[in-house]
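# Here is my input; please provide its structure:
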Amino acid sequence: MTTVIPAAEVPIRSAPVQLDERRRSRVNRQRLAWAAMGLALLLVALVVTIPSLFTSMSPVDPTGPALTGPSTEFWMGTDQLGRDVFARTIYGARPVLLASLAGIVIAAVSGVALGVIGGIAPSLPGGLVMRLIDIILALPALLIALMVVAIVGTGTASVIVAVGVAYAPAFARVMYSSVRRLRTSDYVAAARSFGGTHAHTVFRHLLPNLTSEIAVLISSAIGWAILTASTLSFLGFGVSLPEADWGVDMAAGGNYLETAWWISTAPGLAITVTILLSNYLGDLIADSLDPHRTVKSARTTALLH
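Got it, this is the predicted structure:
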């Protein structure tokens, strides 16, 4: 005989309970992701600041037979001069990452300033500035960087300037569009009606509301900056041998790909992992700042190409 349960005794999960469970699950996933990201960033910071923690080998002096494959003694083998490839990969992170970060700082400061000024300026001058930015954005960032190093010369300082100039237009374009959108909002209009100056409106109302966009753009641009800085070094415009650098080591191993593939593979993997880490950091920051975000903005990615 079938037992009939009264409707009043059937447990019904309410929508708020389900929402709370989904919210807790999302928070737990974010905490786990941030913990993993924090550990990865700490590892990168240690590699850049104290590379001797990870290897006792010299990155510039021969430490074994030339062109020795990966082994327990030489984890990533040796290059054509007998230098430890793992040591050169560890020490090669510093010039690439520092040049990329310094270049992105220059790009962020100059690009944000240019975009904000163009956004609050009258339509005619602001539009003319942005049309110039659009023309520059039509060129690939690497081509702009090559033009800069061709003018200012080679070296780490030139790479920093090249990265800053190459990616400043992307920051300017995003900030210009955001400022033009926010300048018509009620709180900005209220601030202006109470006698607020342009400087007060920018620093008190506009920039605080653009912080999340700037943070996401910086974290996303770091990966492209690393690729650009490595490419410039690969082409001979950055760090010079015998100093360790990912781009320089990839170029040096190009003639030994058939017999000693590990020379170029090790720095290439380091570049790939670092770029993926940067992109994931950008997505993680965007998810944390915007809980309703479901997909990464293709507009930001396109501007950074």
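# What ranges does the protein have for its helices?
15-49, 85-91, 93-120, 123-137, 141-152, 156-182, 186-193, 198-201, 207-234, 246-252, 262-289, 298-303 (DSSP state H).
# Which of those has the lowest mean pLDDT?
Here the helices of the chain differ in mean pLDDT, and the lowest is helix 298-303 at a mean of 52.
# CSV please, covering the helices of the chain and showing distance to Pro59 and mean neighbour count.
Using the backbone N, CA and C atoms, a C-beta is placed for each residue, glycine as well. Output for these, formatted as CSV (distance: least, C-beta to C-beta, whole Å; neighbours: other C-beta atoms under 10 Å):
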stretch, distance to Pro59, mean neighbour count
helix 15-49, 12, 12
helix 85-91, 4, 25
helix 93-120, 10, 21
helix 123-137, 37, 14
helix 141-152, 24, 17
helix 156-182, 16, 23
helix 186-193, 53, 13
helix 198-201, 48, 14
helix 207-234, 15, 22
helix 246-252, 10, 25
helix 262-289, 12, 19
helix 298-303, 34, 13
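# wait, which of those helices is closest to Thr55?
Relative to Thr55, the nearest member of the helices of the chain by C-beta to C-beta is helix 85-91, separated by 4.5 Å.
# got the end-to-end distance for stretch 66-81?
5 Å (C-alpha to C-alpha, to the nearest Å).
# So what touches that stretch?
62-65, 82, 84-86, 88-89, 249, 252-253, 256, 259-260, 262-263, 266 (C-beta atoms under 8 Å, 6 or more residues apart in numbering).
# tell me the mean pLDDT for that stretch?
88.
# Pull out the buried positions in it.
Residues Leu67, Thr68, Phe74, Trp75, Met76, Gly77, Thr78, Asp79 are the ones in stretch 66-81 that count as buried (16 or more other C-beta atoms under 10 Å).
# Spatially central, which residue of the chain would that be?
Ile222 (2.1 Å; C-alpha atoms, centre = their mean).
# can I assume that one is in contact with Ala99?
No: assessed by C-beta atoms under 8 Å, Ile222 is found out of contact with Ala99, at 11.3 Å.
# residues contacting Leu46?
So Leu46 contacts Leu53, Phe54 (C-beta under 8 Å, 6+ apart).
# what separates it from Leu139, distance-wise?
Separation of Leu46 from Leu139 (C-beta to C-beta, to the nearest Å): 37 Å.
# Of the helices of the chain, give the one that comes closest to Met57.
helix 85-91 (3.8 Å).
# Report the distance from that closest one to the chain centre.
22 Å (C-alpha atoms, centre = their mean, to the nearest Å).
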